[in-house]
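*Asks:* no sequence for this one, just the structure:
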């Protein structure tokens, strides 16, 4: 696997212990074009970076060595882990994102992403369940890599997780309303899966935020922030897989 160096100045100067690398975080760049995305990650004033960048043609750039903490996750948490920059590898995939005509990721990008992610998982003995999106770990701030990211396909390559329910069978439960008690159960399921709690913003608003993040990841056909029976069933199946 060929990886070309293009180093960013945006990382912590102190090396980290490689056994502290527990997560891989996927991002999209969310910039108008590839050059602007790379330029931003190379700009010391931007204070953002990543370990790897995947171009439209599938070329992989190394922007920060694995042994250093790159600035890609920001304020973030998952399960008991806080500030995931410290414990993760960040991979940026070029894509204009929701602000600039969000589009499907190219086959070349996904092929390179699979090769790179498998390599990182094997090298650092990362649990495939600990491969996450930016919106998973920062649901009140981020939308990437978004609903066009092929999480289901990647799960078949042992990258990330997906539920075991057949979409044509559970679709009949879509938009079926739940009692308030079952809605609370769904939110608690999200916490069990790993989604972060946040007491700093309005509870109802935050519940919608993490529901949207969950839907972007696991129910990509409809992202409305509304808790229905389909969402509940998916969350319950995921918990079974994680235990």
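*Replies:* Received it, and whenever you're ready, just let me know what you need. Here the structure is a predicted model, which is why all the values come from computation and not from measurement.
*Asks:* can we go C-alpha only for contacts and neighbour counts from here?
*Replies:* Will do.
*Asks:* residues in contact with residue 47?
*Replies:* 10, 41, 71 (Cα atoms under 8 Å, 6 or more residues apart in numbering).
*Asks:* Does anything pack onto the longest helix along the chain? Which helices or strands?
*Replies:* Counting residues, the longest helix found in the chain (DSSP state H) is helix 107-124. With contacts taken as 3 or more Cα pairs under 8 Å, 6 or more residues apart in numbering; DSSP states H and E, helix 107-124 sits against strand 52-54.
*Asks:* Any chance you could list what contacts the strand it packs on?
*Replies:* 60-64, 90-94, 109, 112-113.
*Asks:* Show residues contacting the helix or strand just after that strand.
*Replies:* Next helix or strand after strand 52-54 toward the C-terminus (DSSP states H and E): strand 60-62. Under the contact criterion Cα under 8 Å, 6+ apart, strand 60-62 has outside partners 2-7, 51-55, 112.
*Asks:* Quick check: the two most widely separated of the residues you listed?
*Replies:* Using Cα to Cα, those span at most 19.1 Å, a distance reached by 7 and 112.
*Asks:* per-residue confidence for residue 59?
*Replies:* For residue 59, the pLDDT comes out at 98.
*Asks:* my guess is it contacts residue 3, does it?
*Replies:* Yes - using Cα atoms under 8 Å, residue 59 is in contact with residue 3, at 7.5 Å.
*Asks:* quick revisit: what residues sit buried inside the longest helix of the chain?
*Replies:* Neighbour-count burial for helix 107-124 flags 109-110, 112-114, 116-118, 120-121 (criterion: 16 or more other Cα atoms under 10 Å).
*Asks:* And the pLDDT for the residue located most distally from the centre of the chain?
*Replies:* Within the chain, residue 179 marks the point farthest from the mean C-alpha position, 29.5 Å out by Cα atoms, centre = their mean. With respect to pLDDT, residue 179 scores 98.
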